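1. below are the sequence and a predicted model; questions follow.
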Amino acid sequence: MLGGTFDPVHLGHLRSAVELREVLGLDRVHMVPASIPPLRDAPQVAPQERLTLLELGIGDTPGLVADGRELERDGPSFTADTLAGLREEYGSQARLVMALGHDAFLRLADWHTPQRLFSLAHLVVIDRPDHDCPLSPALSELIAGREVDSPEALMQRPAGRLLRLALPTRLALSATAIRERLAAGRSIRYLLPEAVERRIMAKSLYQQI
């Protein structure tokens, strides 16, 4: 599972999903847009529209799934609830992985029921080479004894471990910067899939009207 606001989805999101699948040997990657992210500002675009952009961005990419389950729930989009649904679907022995970026990882201890995440899935932190912040005491305690150093070690159990992973391609793209470019009337060409760009422009999303 790779969650996020995807506001909008861009090539960094999609390339990370492809490489996660390859490096970890995953059958599929569920890309799950958050409806109401608990620890972030509200997205600029409505949840269903962000899901549509994600579906356009994925297109026919093998192994990537645009998963709208969080849009069907009321209230905040708690990741533990999403993982519980995936665990129920795939069974108790399936290897489930939740991937998150380094910024989100640093706030993990503040998430809703963070211990429950490890009972449901492994966590994979997508490392950033320019981001080396110390861990808080609460986060250090949360992950104590869970970290492994390889995908092979991660996959020996269905859940409960943590792997920090540097992906082969590190695209320095940000949805915030893309929104700022759109608001300023600047080009977003080659920052996101053409189908996503076409819909954004056709519907005047993120633009000053």
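-> Yep, that arrived. Worth saying up front: this structure is predicted, and the values here are computed from it rather than measured.

2. surely Gly185 and Gln208 touch.
-> Yes: between Gly185 and Gln208 there is a contact under C-beta atoms under 8 Å: 7.4 Å. No exception for glycine: its C-beta is placed from N, CA and C like everyone else's.

3. share the number of residues neighbouring Leu100, please.
-> Per other C-beta atoms under 10 Å, the neighbour tally for Leu100 reads 21.

4. checking my notes, it in a strand, right?
-> Yes: under DSSP: H, G, I helix; E, B strand; the rest coil, Leu100 falls within a strand.

5. show me what it is bridged to.
-> In this entry, Leu100 is beta-bridged to Val125, by DSSP bridges.

6. pretty sure it is touching Leu123, no?
-> Yes: using C-beta under 8 Å, Leu100 makes contact with Leu123 at a distance of 6.8 Å.

7. so which elements touch the one helix or strand in the chain whose mean pLDDT sits lowest?
-> When each helix and strand of the chain is scored by mean pLDDT, DSSP states H and E, helix 102-106 comes last, with a mean of 90. On a contact count with 3 or more C-beta pairs under 8 Å, 6 or more residues apart in numbering; DSSP states H and E, helix 102-106 meets strand 122-126.

8. just how off-centre is the following helix or strand past the strand it packs on within its chain?
-> Later in the chain than strand 122-126, the nearest helix or strand by DSSP states H and E is helix 137-143. The chain centre lies 21 Å from the centre of helix 137-143; the measure is C-alpha atoms, centre = their mean, to the nearest Å.
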